[in-house]
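Asks: Give the three-dimensional model of this entry:
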Amino acid sequence: MTTQTPTRPIRVRFRQSFATIAAVFLTAVGAFTIAGQAWIYAPVMLIPIAALWWALRTGVDVDADHLTIRRPFGHRTLRWDEIEGFISARGRVSVQLTEAAGAGVLRLPAVTPATLPRLIASVSPAKPTPDA
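Replies: The predicted structure follows:
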């Protein structure tokens, strides 16, 4: 008798790199230096706060059923049958939508041409291994 453990759906997340977040923190140090001069410069601190929000929030979540594009204020979830293909140009990756989904092109934040094979492999069905 064998017992089957329930399989958890595999979810792959693509987010901004650590270098982006480090650059935001360096910007915050510079903004703090400027804002510390006088109270009138305090709004300068909003720039690194907004950049940090963008860097932490944007990205792409991929699982077997959906692709979710996350933006700073909202997200869009696409089923795989709404996606016609991927476009890789000038260091950016976009998704081409079918006619039913609006026939547009949506950019995938945090997905690069180098990570596109990982995105595609995460939704490809596992190949069965031969018994022998």
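Asks: Which residue ranges of this structure form strands?
Replies: Defined through DSSP state E, the strands belonging to the chain, from first to last, are 12-15, 59-62, 66-71, 74-79, 83-89, 92-97, 105-107.
Asks: what residues does stretch 97-106 touch?
Replies: 69, 76, 78, 81, 82, 83, 84, 87, 94, 95, 96 (CB atoms under 8 Å, 6 or more residues apart in numbering). C-beta coordinates here come from the backbone N, C-alpha and C atoms, glycine included.
Asks: What's the end-to-end length of it?
Replies: 8 Å (CA to CA, to the nearest Å).
Asks: from memory residue 66 sits against residue 79, does it?
Replies: Yes. Between residue 66 and residue 79 a contact is recorded at 6.0 Å, counting by CB atoms under 8 Å.
Asks: ok, the contacts of stretch 97-106 vs residue 49, which is closest?
Replies: Comparing the contacts of stretch 97-106 against residue 49 with CB to CB picks out residue 69 as the nearest, at 22.9 Å.
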